[in-house]
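Enquirer: Build me a model:
(one chain, ligands or ions: 1)
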Amino acid sequence: MSPPSGAFDGSGTPPSQGSGAMFDGIAERYDLLNRLMSLGLDRRWRRRLVRAVLADPVPPALVLDLATGTADVALALLRADRALRVVGLDPSARMLAQGARKGAARAALAAGRLRLMRGDALRLPYGAATFGACCVAFGIRNVPDRLAALCELRRVTAPGGLVAVLELGEPRQGLLAPLARWHVQRVVPALGAWLSGAPEYRYLQRSMAAFPAPAAFLGLLEQAGLRDAHCTRMGLGSVHLFTGRVPRDAAGDTTNDAPLSEAEGCARGKSP
Ligand SMILES: C[S@@+](CC[C@H](N)C(=O)[O-])C[C@H]1O[C@@H](n2cnc3c(N)ncnc32)[C@H](O)[C@@H]1O
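Expert: The predicted structure follows:
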């Protein structure tokens, strides 16, 4: 089977799993595949994320949508709050281009309410406390060092602001978990490979299986210095919405020139 266009860099080396280069290869089919493989539920899950981000009595004025892909979350945020501005960041130029082609995105880009930028979760090109809230949907699974990414999100979020993470994982508990596991392990990769011709969809199932259990991921939020870590289970346990809050006394945390690693924790990013 020939590789999807744009998925390889010409060196003969396949792009690393979950990377922006891998998503470049499936960008044109990404939205449709999402709808089909989630049985249309992905939009409902994103709306839950949007509600959480905008739930505060004083909602944020500027939000970062990390790993924005084709900008579905960014656009849902803008629809939900007409006063909001959103920055969507992603390493995949082709995913961003797909997002920018959407009618709502064109209008929001022209109005200066939406900005789409290339970039990496591990080195966010923003100063400390730039955003009122930050979110990432189905993206943190792809980042090699999740704790470092959470530390970056904490750094760029203002004190008191929310960091919200929506992510897929292998359903582990509940009466219907075996059914959901069968969907994830058998139906999703088969449907993805059949509809897209792209082997990338086997990666989806593997990365879901490798994602930490909810309790372990909540631990990572806390290690990143986020407070009130909370998790909501959805989709028979195949999706979780994690939230945590930047402490109100976190002002002055300005470290951004040295990315942190899981081994180091956020020690260097913490206020003295
Ligand atoms: C499954 S898509 C999710 C897109 C979108 N958030 C959504 O809700 O559909 C995962 C995205 O993560 C991006 N990604 C991969 N590695 C990344 C990294 N190191 N930093 C930021 N984003 C990354 C990919 O380019 C891709 O667009």
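
Enquirer: Please enumerate the helices of the chain.
Expert: Secondary structure of the chain (DSSP state H): helices at 20-24, 27-37, 41-53, 72-80, 93-101, 103-110, 146-156, 177-182, 188-196, 200-210, 214-223.

Enquirer: Need the winner for burial among these.
Expert: Mean neighbour count (mean count of other CB atoms under 10 Å) peaks for helix 146-156 among the helices of the chain, with a mean of 26. Yep, even glycine has a C-beta here, placed from its N, CA and C like the rest.

Enquirer: sorry, back to before: would you tell me which of the helices of the chain gets closest to Gly132?
Expert: Gly132 lies closest to helix 41-53 among these, at 9.1 Å (CB to CB).

Enquirer: Close to the ligand: what parts of the stretch 51-200 of the chain are there?
Expert: 66-69, 72-73, 90-92, 95, 120-121, 137-139, 142-143 (CB under 6 Å from any ligand atom).

Enquirer: try 8 Å this time
Expert: 65-73, 89-92, 95, 119-122, 136-139, 141-144, 149, 166 (CB under 8 Å from any ligand atom).

Enquirer: gap between the residue of the stretch 51-200 of the chain found nearest the ligand and Arg181?
Expert: Among the residues of the stretch 51-200 of the chain, Gly69 lies closest to the ligand, at 2.5 Å counting by CB to the nearest ligand atom. Separation of Gly69 from Arg181 (CB to CB, to the nearest Å): 25 Å.

Enquirer: what's the answer for Val156, then?
Expert: When Val156 is compared with Arg181 (using CB to CB), they lie 35 Å apart.

Enquirer: low pLDDT regions in this protein?
Expert: Counting by pLDDT under 70, the ranges of the chain that qualify are 1-18, 192, 194-202, 251-272.

Enquirer: neighbours around the closest residue to Arg48 other than its chain neighbours, how many?
Expert: With CB to CB, 6 or more residues apart in numbering as the criterion, Arg48 has its nearest non-adjacent residue at 5.7 Å, and that residue is Leu241. Residues near Leu241, counting by other CB atoms under 10 Å, number 21.

Enquirer: follow-up on the earlier one: can you report how many residues lie near the residue of the stretch 51-200 of the chain closest to the ligand?
Expert: Using other CB under 10 Å, Gly69 has 25 neighbouring residues.

Enquirer: which ones are touching it?
Expert: Phe23, Tyr30, Asp90, Ser92, Met95, Leu96, Gly99, Phe138, Gly139 (CB atoms under 8 Å, 6 or more residues apart in numbering).

Enquirer: Spatially, which two of the residues you listed are the most separated?
Expert: Leu96 and Phe138 (15.5 Å).

Enquirer: Verify the contact between Tyr126 and Leu62 for me.
Expert: No: using CB atoms under 8 Å, Tyr126 makes no contact with Leu62, being 10.0 Å away.

Enquirer: Name the residues contacting each of these two.
Expert: Counting by CB under 8 Å, 6+ apart, no residue touches both Tyr126 and Leu62.

Enquirer: what bridges to Val163?
Expert: Val163 has these beta-bridge partners by DSSP bridges: Cys134, Gly244.

Enquirer: quick one: contacts for it?
Expert: Neighbour list for Val163: 133-135, 150, 153-154, 157, 221, 226, 243-246 [criterion: CB under 8 Å, 6+ apart].

Enquirer: Can you verify my assumption that Arg123 contacts Ala149?
Expert: No: judged on CB under 8 Å, Arg123 makes no contact with Ala149 at a distance of 9.8 Å.

Enquirer: The residue of the stretch 51-200 of the chain closest to the ligand and Gly169: what is the separation?
Expert: 18 Å.

Enquirer: Please apply the same query to Asp65.
Expert: Separation of Asp65 from Gly169 (CB to CB): 20 Å.

Enquirer: follow-up on the earlier one: ok, so what distance separates the residue nearest to Arg48 from the ligand?
Expert: In this view, Leu241 and the ligand are 12 Å apart by CB to the nearest ligand atom, to the nearest Å.

Enquirer: List the residues that contact that residue.
Expert: Trp45, Arg48, Leu49, Ala52, Ala164, Val165, Leu166, Cys231, Thr232, Met234.
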